[in-house]
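A.B. asks: Mind folding the following:
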Amino acid sequence: MYKTAIIDDDEISLAILGHALGNYQDVITLSGMAQTPEDGKQLVLTQQPDLLFLDVELPGMSGFDLLGVLGESVTWQMHTVIFSSHDHHAVRAFRQPVFDYLKKPCSRDVLGQIMHRFVEEKTRYHHPALPPVREKFLVETPTGARIVSVAQVAYFEYVEERRAWQVVLADGSRLCLRRSHTAETIEELHPRFKRISRKHIINANHLAEIRNGCCILGGKSTATDELVVSRNYLGTLHECFHCM
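C.D. replies: I've put the predicted structure just below:
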């Protein structure tokens, strides 16, 4: 059983989320709830929850600030879900080392997805020092920022004319990225993002076939481009394909 805690100054939100988490009694136990940053800090340090639901807008201190205060005191692997009724907090949430973002009022389907991912992560990693893998990430575009899920990504492509990368989504649409995104920072976004050439980084989850030195994407991806694999990356890609 995984210990779970909630920090939120709104009693109604506490009650709603606490009730919703009751559907997952087979995998979690609700170790406590707090309504102030001070009580929340004490709750976290004494109970050491595996999963923390943390409201952004707390009295006298934001949830982000509370995470900063906790800092190195959290020596165990704790998955933090930031939640708020305001969408603009989502962008900041994905700039922080948090597991996910939940908008109030919480959707049963979205909460279910978060809980499914949480259990998967805890099952996958047995060593407490290993970080969780995010299934959503923030990319900066020339006009702002956007949250993208890993499943949406078919591949990344370097555009010579712009001297910048773009992400090609599984539905075939393209999203231009700021020049601050490099091949290295893109690969660090998720372990399934694999470089296959100087110009392309694929989402290995969509890799269906390697044929005649090209990657063929499949699954739910409708992006039909055949991407040439550089010889330097072919061996690594074959290993990745056979491990799928």
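A.B. asks: Let me know the next secondary structure element after the helix of greatest length in the chain.
C.D. replies: Using DSSP state H to define each element, the chain has its longest helix at helix 108-124. Counting by DSSP states H and E, the next helix or strand C-terminal to helix 108-124 is strand 136-141.
A.B. asks: Dump the following helix or strand past that next one to CSV, restricted to CA.
C.D. replies: Next in sequence after strand 136-141, counting helices and strands by DSSP H and E, comes strand 144-149. Coordinates of each C-alpha in strand 144-149 appear next as CSV, following Å, rounded to 0.1, in the frame of the first residue of the first chain:
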residue,chain,number,x,y,z
GLY,A,144,4.7,30.8,-25.7
ALA,A,145,4.7,27.3,-24.2
ARG,A,146,2.6,24.1,-24.5
ILE,A,147,2.1,20.9,-22.5
VAL,A,148,2.5,17.8,-24.7
SER,A,149,2.0,14.2,-23.8
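A.B. asks: So which other helices or strands are in contact with strand 144-149?
C.D. replies: helix 88-93, strand 136-141 (3 or more Cβ pairs under 8 Å, 6 or more residues apart in numbering; DSSP states H and E). C-beta: built from backbone N, CA, C; applies to glycine.
A.B. asks: domain parsing for the chain?
C.D. replies: What the record gives for the chain is the domain set 2-124, 137-242, from automatic domain parsing.
A.B. asks: Next, format those domains as JSON lines and append mean neighbour count and mean pLDDT.
C.D. replies: Shown next, in JSON lines, are these (neighbours: other Cβ atoms under 10 Å; pLDDT from 0 to 100):
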{"stretch": "domain 2-124", "mean neighbour count": "17", "mean pLDDT": "87"}
{"stretch": "domain 137-242", "mean neighbour count": "16", "mean pLDDT": "84"}
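A.B. asks: Next, Y101: phi, psi?
C.D. replies: phi -130, psi 140 (degrees, to the nearest 10).
A.B. asks: Run through the bridge partners of it.
C.D. replies: Beta bridges link Y101 to I82 when assigned by DSSP bridges.
A.B. asks: T80 is in contact with that one, correct?
C.D. replies: No - counting by Cβ atoms under 8 Å, Y101 stays clear of T80, with 10.0 Å between them.
A.B. asks: Which residues are in contact with each of the two?
C.D. replies: Common neighbours of Y101 and T80, using Cβ atoms under 8 Å, 6 or more residues apart in numbering, do not exist here.
A.B. asks: ok, C176 - contacts?
C.D. replies: T141, P142, V159, R162, A164, Q166.
A.B. asks: wouldn't the third one be in contact with V168 here?
C.D. replies: So the one you mean is V159. No - V159 is beyond contact range of V168, at 10.8 Å (criterion: Cβ under 8 Å).
A.B. asks: contact partners of the longest helix of the chain?
C.D. replies: 2, 20-21, 24, 27-28, 50-51, 79, 81, 99-100, 102-103, 132-133, 135.
A.B. asks: mind listing the helices for the chain?
C.D. replies: With DSSP H as the criterion, the chain has helices spanning 11-21, 37-47, 63-70, 88-93, 108-124, 183-187, 231-242.
A.B. asks: what's in contact with the third one?
C.D. replies: It refers to helix 63-70. Contacts of helix 63-70 (Cβ under 8 Å, 6+ apart): 7, 37, 40-41, 44-45, 54-58, 61, 80, 82, 84, 92, 96, 98.
A.B. asks: I'd like the distance from stretch 189-201 to the chain centre, please.
C.D. replies: In this view, stretch 189-201 has its centroid 17 Å away from the chain centroid, taken as Cα atoms, centre = their mean, to the nearest Å.
A.B. asks: re earlier: in JSON lines: the helices of the chain, plus distance to Y155.
C.D. replies: JSON lines is the format used below for the helices of the chain (distance: least, Cβ to Cβ, whole Å):
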{"stretch": "helix 11-21", "distance to Y155": "36"}
{"stretch": "helix 37-47", "distance to Y155": "39"}
{"stretch": "helix 63-70", "distance to Y155": "32"}
{"stretch": "helix 88-93", "distance to Y155": "24"}
{"stretch": "helix 108-124", "distance to Y155": "23"}
{"stretch": "helix 183-187", "distance to Y155": "10"}
{"stretch": "helix 231-242", "distance to Y155": "12"}
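A.B. asks: Brilliant, that's me finished.
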